[in-house]
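*Asks:* Need a 3D model of the sequence below.
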Amino acid sequence: MEKTGRVQAQQHPETLVWGKNPVTELLKSGDAVDTVYLADSLPQAVAGYYTALAKQSGAVVKRVPGNKLQKLCATADHQGVAARAAEVHYASLEDLFAAAAAKSEAPFFVLCDGVEDPHNLGAIIRSAYLCGAHGVVIPKRGGVGVTGTVMKASAGAAARLPVARVTNLAQAIRTIKEHNVFVYCADLGGAPLSRTDLSGPVALVLGSEGGGPGALTRKLCDAAVTLEMAPGQATGVDSYNVSVAAGILCYDVLRRRSGK
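*Replies:* Next up is the predicted model:
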């Protein structure tokens, strides 16, 4: 069983978040923010909005030239806004179950086994959040954590949806199964999604970009599910991108729950 508490497992160094949506969600999340950087070219109304949010969260506001902000974020895609959070707050596995219980809903989790691309992880978190998942689980080792790029790619969802970072993903799967949650592994060779029932308490496991879920992960899952492709398309491209697969699977869970 993972330790309880909002931030138990690990403290993380400063994290820079950029983009209007991610910074807004970060400032509204209640997490500690040290500094908000605003490009001096931002319209006064926009700058005033972020200055007010920063004041509410106790952050310092700094107006900087656009080229300096670009250098700070290492990208031109900052939209004139960035914020430096003191640390990333990870949830515990118990927090995820509590989130489901608070809504009187059957648990719905998304687990990432070795997802290394921060854009993919951000997109997965975004889909999970929009489709009603109660949390995402990632490993401490063998996969990317929640970084500024992940926050940006998630469009701020990573500041709203609990993300648990566990020491042992296999043990996390065992714990989830002990709570009578059916765990599906997205993997080639599984049953087609059209013949898979993703209703009820469910956890979806997505593997790494190159190799998919690990052998132990596959073994621990209750079943595997495969996304079908159009006939004749599997010539050199034999699977969906992991974040696309996550979006399709999460939406199927949402569709089934909405139908009920």
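
*Asks:* Which positions in stretch 219-232 come out as buried?
*Replies:* Neighbour-count burial for stretch 219-232, counted by 16 or more other Cβ atoms under 10 Å, picks out 220, 221, 224, 225, 226, 227. Any C-beta I mention is one placed from the backbone N, CA and C, and that applies to glycine too.

*Asks:* ok, so of the residues you listed, who is nearest residue 122?
*Replies:* residue 227 (20.5 Å; Cβ to Cβ).

*Asks:* quick one: which two of the buried residues of stretch 219-232 are the most distant?
*Replies:* Farthest-apart pair in those is 220 and 227; separation 20.8 Å (Cβ to Cβ).

*Asks:* was I right about residue 32 contacting residue 85?
*Replies:* Yes - if you go by Cβ atoms under 8 Å, residue 32 and residue 85 touch, sitting 6.5 Å apart.

*Asks:* so where's this protein shaky on pLDDT?
*Replies:* In the predicted model of the chain, residues 1-14, 86-87, 232-237, 260 satisfy pLDDT under 70.

*Asks:* Mind jotting down where the strands sit in it?
*Replies:* Along the chain, the stretches classed as strands by DSSP state E are 15-18, 33-39, 60-64, 81-85, 108-113, 135-139, 163-166, 182-192, 202-207, 223-226.

*Asks:* quick one: which of the ones you listed is nearest residue 52?
*Replies:* Nearest to residue 52, of these and by Cβ to Cβ, is strand 60-64 at 9.7 Å.

*Asks:* Among the buried residues of stretch 219-232, which one lies nearest to residue 68?
*Replies:* Checking those one by one against residue 68 (Cβ to Cβ), the nearest turns out to be residue 227, at 43.9 Å.

*Asks:* distance between the ends of stretch 36-52?
*Replies:* By Cα to Cα, to the nearest Å, the extent of stretch 36-52 from end to end equals 11 Å.

*Asks:* Buried residues in it, which are they?
*Replies:* For stretch 36-52, burial by neighbour count (16+ other Cβ under 10 Å) applies to 36, 37, 38, 39, 42, 47, 49, 50, 51.

*Asks:* Make a markdown table out of those and add distance to residue 148.
*Replies:* Conversion of the buried residues of stretch 36-52 to a markdown table gives the following (distance: Cβ to Cβ, whole Å):
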| residue | distance to residue 148 |
| --- | --- |
| 36 | 13 |
| 37 | 12 |
| 38 | 16 |
| 39 | 16 |
| 42 | 19 |
| 47 | 21 |
| 49 | 21 |
| 50 | 16 |
| 51 | 21 |
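
*Asks:* out of the residues you listed, who's nearest residue 26?
*Replies:* Proximity of the buried residues of stretch 36-52 to residue 26 (Cβ to Cβ) peaks at residue 36, which lies at 9.3 Å.
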